[in-house]
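In: Show me the folded form of this:
(one chain, ligands or ions: 1)
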Amino acid sequence: MKEISEKTRVEEIIEQLQQRFENIAEIHIHHFSTATNASDLLIKVHTGDAESFEQYLDEFADGKKAIVDVGREDPLTLPVSVMATYDGPGNMQSSEGTTIYMSENVIGAEPRSTDDGLRRLKEKLSGTCPCCRESVESFSEHYRESRECWEDEQL
Ligand SMILES: [Zn+2]
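Out: This next block holds a predicted model:
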């Protein structure tokens, strides 16, 4: 894996992870619920190639940041950590978690391309529902009120 610079676009981080690990079942990002209460991103890579249940990648250990363009003048710049795990795929999609990639080899789940996953992540972080396109204050409330939008996120 090539040297990760201090600030790296989230797209590039995902790309590098896909080069590093051959057999990725799922990539999931744990994030904050909207752009107004920013906190860290935790990227979790589900792969049989992981060395352990919680393999934190050293490249991201020392205060690396991910740049996420959410369509505003200033992109978000968020502390990021990356963990590989041999735990099986199947994260809940929620106000604070989005699957960025799901392999078509995962039985019992819909596949998701990274393009689609990154689009959903950015829309959620910018406060727009990826399903109904409404502007959303709180996704947990929105998903309680609109089951269709919640179901649209599930894989
Ligand atoms: Zn919606």
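In: hmm, who's touching the strand ranked longest in the chain?
Out: For the chain, the longest strand by residue count, based on DSSP state E, is strand 76-85. Residues outside strand 76-85 that contact it (CB atoms under 8 Å, 6 or more residues apart in numbering) are 7, 10, 13, 17, 21, 35, 38-47, 49-57, 59-61, 63-70, 125. Backbone N, C-alpha and C define where each C-beta goes, glycine included.
In: quick one, what contacts the residue nearest to residue 126 when sequence neighbours are not counted?
Out: Sequence neighbours aside, residue 70 is the residue nearest to residue 126 in space, at 3.9 Å (criterion: CB to CB, 6 or more residues apart in numbering). By CB under 8 Å, 6+ apart, the contact set of residue 70 is 35, 76, 122, 125, 126.
In: neighbouring strands for the longest strand of the chain, and are they parallel or not?
Out: Sheet pairing here is set by DSSP bridges, and for strand 76-85 it gives strand 41-47 (parallel), strand 55-56 (antiparallel), strand 65-68 (antiparallel).
In: Make CSV from those strands and add mean pLDDT, distance to the ion and mean neighbour count to it.
Out: CSV is the format used below for the strands paired with strand 76-85 (pLDDT from 0 to 100; distance: least, CB to the ion, whole Å; neighbours: other CB atoms under 10 Å):
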stretch, mean pLDDT, distance to the ion, mean neighbour count
strand 41-47, 96, 22, 22
strand 55-56, 96, 34, 15
strand 65-68, 94, 20, 21
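In: so can I have CSV of these showing distance to residue 146?
Out: Below are the strands paired with strand 76-85 laid out as CSV (distance: least, CB to CB, whole Å):
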stretch, distance to residue 146
strand 41-47, 25
strand 55-56, 36
strand 65-68, 24
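In: Quick one: closest of those to residue 96.
Out: strand 41-47 (10.1 Å; CB to CB).
In: List of residues touching that closest one?
Out: With CB under 8 Å, 6+ apart as the test, strand 41-47 has contacts from 10, 13-14, 17, 21-31, 66, 68, 78-89, 91, 100.
In: Keeping just the C-alphas, turn that strand into CSV.
Out: Output of strand 41-47 as CSV, limited to C-alpha atoms (Å, rounded to 0.1, in the frame of the first residue of the first chain):
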residue,chain,number,x,y,z
LEU,A,41,-15.1,8.1,10.3
LEU,A,42,-14.4,4.4,10.9
ILE,A,43,-13.9,2.4,7.7
LYS,A,44,-14.3,-1.3,8.3
VAL,A,45,-13.2,-3.7,5.6
HIS,A,46,-14.7,-7.2,5.8
THR,A,47,-12.2,-9.6,4.1
